[in-house]
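>>> can you look at this prediction? I've put the sequence above it.
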There are 2 protein chains.
Amino acid sequence: MPPTVTKEPIEVADDLDATAALWADREPDARRRLLLGALAAFASHGYSASTTRQIADAAGMSSAALYVYYDSKSEILGEIARTGHASVLNECRLGLADGDSSTERVRAFVARFATWHANHHTLARVTQYEWRSLEPDDRKTIKRLRDEIEKLLASELEAGVESGEFEVTDLDGTVIALLSMCIDVARWYSPHRREKPSAIGDLYADLAIRMTRA
Amino acid sequence: MPPTVTKEPIEVADDLDATAALWADREPDARRRLLLGALAAFASHGYSASTTRQIADAAGMSSAALYVYYDSKSEILGEIARTGHASVLNECRLGLADGDSSTERVRAFVARFATWHANHHTLARVTQYEWRSLEPDDRKTIKRLRDEIEKLLASELEAGVESGEFEVTDLDGTVIALLSMCIDVARWYSPHRREKPSAIGDLYADLAIRMTRA
């Protein structure tokens, strides 16, 4: 039982096209292909068991070419995780940007947050599962983005309590439960299920309002 | 960048004592120690990067002695995952066994299910994160246990809709959301947080009733 190095070809996840769009402005193209190749490799074999060769193969490049762009596997993982968190934080901000009431804003926040985790389930899953493989600095950056997401939702819930729309006994606990319910979509979501990402978002927005309304 | 084999000593997770109790009737003692050693190794390094030596070391045995009890690393992972699922299914059944109404039974089910995922967060996390490393037969067994858990909760929600206690527009979606919210406790729970497992269980039971009540 030596460390397992899986030799099977990498399964191409169904959501890599959506995730590729997150890196649309990443230049040059080789970098984008390496990020996607690494994501596919990490999702199939896990970070520890993924080799440079697998990542380079998935990107259609040589292993040597990979080092032109990245110094290490962990640098790639860090970029994947940072981009993912920046993207989802942006979704959260968009959700809170409109809406005439806290109810509408929380609804939009949760719908977007849950939908994002279905649309980018491979990226989200790799980031969660490989948390221990991230460099300390990347973890710090990501922790900051996560705290920001928690704060955004907590503030809107507080505003809704003040306006009388919400009744929340344990604000911090409810924030975590709401976010957690949406994050876990990335674990169980599969394109083979009947639910579409936006339908999951709508259901979760309803459930969130049920959980918080006065 | 060859496959990473982490050399650091294995961190002893805080919840291994609670999880050891799940294997209290597992004979001989060496098997119990190997299960716990493997769990600690998989949690620290991931399944792929965990070596026989690390598992045996954590169990206080030689690598050769390990093979007396298990043929492969995946056999140990399978047993860890099966025991965990059997234990949590048992909790779900206990939750539904008493209570004078569907509301009380769902409350007890969710409280126990969420508390279990805090109490056994290392076991739950390893089982989720290493899903792809399980043998097909183990996955089938575990899928069956999971389906059983979903069915138990769905039936109780249906009973509550019939009795007029609950109002649920999307039964399957609500069942998944409820279970998912509790399962994800294993991802974020840490004994360093202020919330105790039973307090998380109580909060989640409240939130579940808010999500379903008429």
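Happy to help now that I have it. The structure presented is a predicted model; accordingly, all values stated were derived computationally and were not measured. Residues are numbered from 1 along each chain as shown, chains lettered A, B, ... in the order given.
>>> so what's the residue count around the nearest residue in space to A:E158 that is not next to it in sequence?
Leaving aside its chain neighbours, A:E158 sits nearest to A:L171 (6.8 Å; criterion: Cβ to Cβ, 6 or more residues apart in numbering or on different chains). Quick note: C-beta positions are derived from backbone N, CA and C, even for glycine. Burial of A:L171, expressed as a neighbour count using other Cβ atoms under 10 Å in any protein chain shown, amounts to 15.
>>> for the longest helix along chain A, buried residues please.
For chain A, the longest helix by residue count, based on DSSP state H, is helix A:136-162. Across helix A:136-162, burial judged by 16 or more other Cβ atoms under 10 Å in any protein chain shown covers A:138, A:141-142, A:145-146, A:149, A:152-154, A:156-157, A:159-161.
>>> and the closest residue to A:R105 other than its chain neighbours, what element?
Spatial nearest neighbour of A:R105, chain neighbours left out: A:G99 (4.0 Å); criterion: Cβ to Cβ, 6+ apart. When elements are assigned from DSSP states H and E, A:G99 belongs to no helix and no strand.
>>> the host helix or strand of A:A38: how far from the chain's middle?
When elements are assigned from DSSP H and E, A:A38 belongs to helix A:29-45. Centroid separation between helix A:29-45 and its chain, computed with Cα atoms, centre = their mean, to the nearest Å, is 15 Å.
>>> all helices of chain A, in order?
Along chain A, counting by DSSP H, helices occupy A:16-22, A:29-45, A:52-59, A:63-69, A:73-97, A:102-119, A:121-129, A:136-162, A:171-183, A:185-188, A:197-212.
>>> okay, those in a markdown table with mean pLDDT next?
Shown next, in a markdown table, are the helices of chain A (pLDDT from 0 to 100):
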| stretch | mean pLDDT |
| --- | --- |
| helix A:16-22 | 85 |
| helix A:29-45 | 92 |
| helix A:52-59 | 92 |
| helix A:63-69 | 92 |
| helix A:73-97 | 96 |
| helix A:102-119 | 98 |
| helix A:121-129 | 92 |
| helix A:136-162 | 97 |
| helix A:171-183 | 97 |
| helix A:185-188 | 95 |
| helix A:197-212 | 98 |
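>>> okay if I get the ones you listed as JSON lines plus distance to B:D29?
What follows is these, written out as JSON lines (distance: least, Cβ to Cβ, whole Å):
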{"stretch": "helix A:16-22", "distance to B:D29": "47"}
{"stretch": "helix A:29-45", "distance to B:D29": "34"}
{"stretch": "helix A:52-59", "distance to B:D29": "40"}
{"stretch": "helix A:63-69", "distance to B:D29": "47"}
{"stretch": "helix A:73-97", "distance to B:D29": "39"}
{"stretch": "helix A:102-119", "distance to B:D29": "42"}
{"stretch": "helix A:121-129", "distance to B:D29": "32"}
{"stretch": "helix A:136-162", "distance to B:D29": "38"}
{"stretch": "helix A:171-183", "distance to B:D29": "37"}
{"stretch": "helix A:185-188", "distance to B:D29": "34"}
{"stretch": "helix A:197-212", "distance to B:D29": "45"}
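>>> of all these, which one is nearest B:E195?
helix A:171-183 (6.7 Å; Cβ to Cβ).
>>> contacting residues around A:A108?
A:A108 sits next to A:L94, A:G95, A:L96, A:D98, A:G99, A:A205 when contact means Cβ atoms under 8 Å, 6 or more residues apart in numbering or on different chains.
>>> how much space between it and chain B?
Taking Cβ to the nearest Cβ, to the nearest Å as the measure, A:A108 falls 18 Å from chain B.
>>> let me know the distance separating the nearest residue to A:D98 once chain neighbours are set aside from A:S102.
Nearest in space to A:D98, with sequence neighbours left out and distances taken as Cβ to Cβ, 6+ apart, is A:A108 at 6.8 Å. Noted for A:A108: a distance of 11 Å to A:S102, by Cβ to Cβ, to the nearest Å.
>>> tally of neighbours for the residue lying closest to A:E79 once chain neighbours are set aside?
Once flanking residues are discounted, A:E79 sits nearest to A:L35: 6.4 Å by Cβ to Cβ, 6+ apart. A:L35 is flanked by 25 other residues according to other Cβ under 10 Å.
>>> just checking, A:L35 touches A:A81?
No. In this structure A:L35 lies outside contact range of A:A81 using Cβ atoms under 8 Å: 11.0 Å.
>>> A:R187 contacts A:R125, correct?
Yes. The criterion here is Cβ under 8 Å, and A:R187 meets it with A:R125 at 6.4 Å.
>>> and A:A177, what does it touch?
A:M211, B:M181, B:L203, B:Y204, B:L207.
>>> quick one: the first one and B:R146, what's the gap?
According to Cβ to Cβ, A:M211 and B:R146 sit 24 Å apart.
>>> likewise for the last one?
With distances taken as Cβ to Cβ, B:L207 is found 21 Å from B:R146.
>>> with the fourth one instead?
Applying Cβ to Cβ, one obtains 18 Å for the distance of B:Y204 from B:R146.
>>> pretty sure A:P197 contacts A:F113?
No. If you go by Cβ under 8 Å, A:P197 and A:F113 don't touch, sitting 11.5 Å apart.
>>> wait, A:A159 touches A:S102, no?
Yes. Look at A:A159 against A:S102 with Cβ under 8 Å: they come within range, at 5.0 Å.
>>> gap between the residue nearest in space to the middle of chain A and chain B?
Nearest to the geometric centre of chain A sits A:A124, at 3.4 Å (Cα atoms, centre = their mean). In this view, A:A124 and chain B are 11 Å apart by Cβ to the nearest Cβ.
>>> once you drop chain neighbours, what's closest to that residue?
In space, A:A124 is closest to A:A186, 3.5 Å off (Cβ to Cβ, 6+ apart).
>>> which residues does that neighbour contact?
Per Cβ under 8 Å, 6+ apart, neighbours of A:A186: A:H117, A:A118, A:H120, A:H121, A:A124, A:R125, A:Q128.
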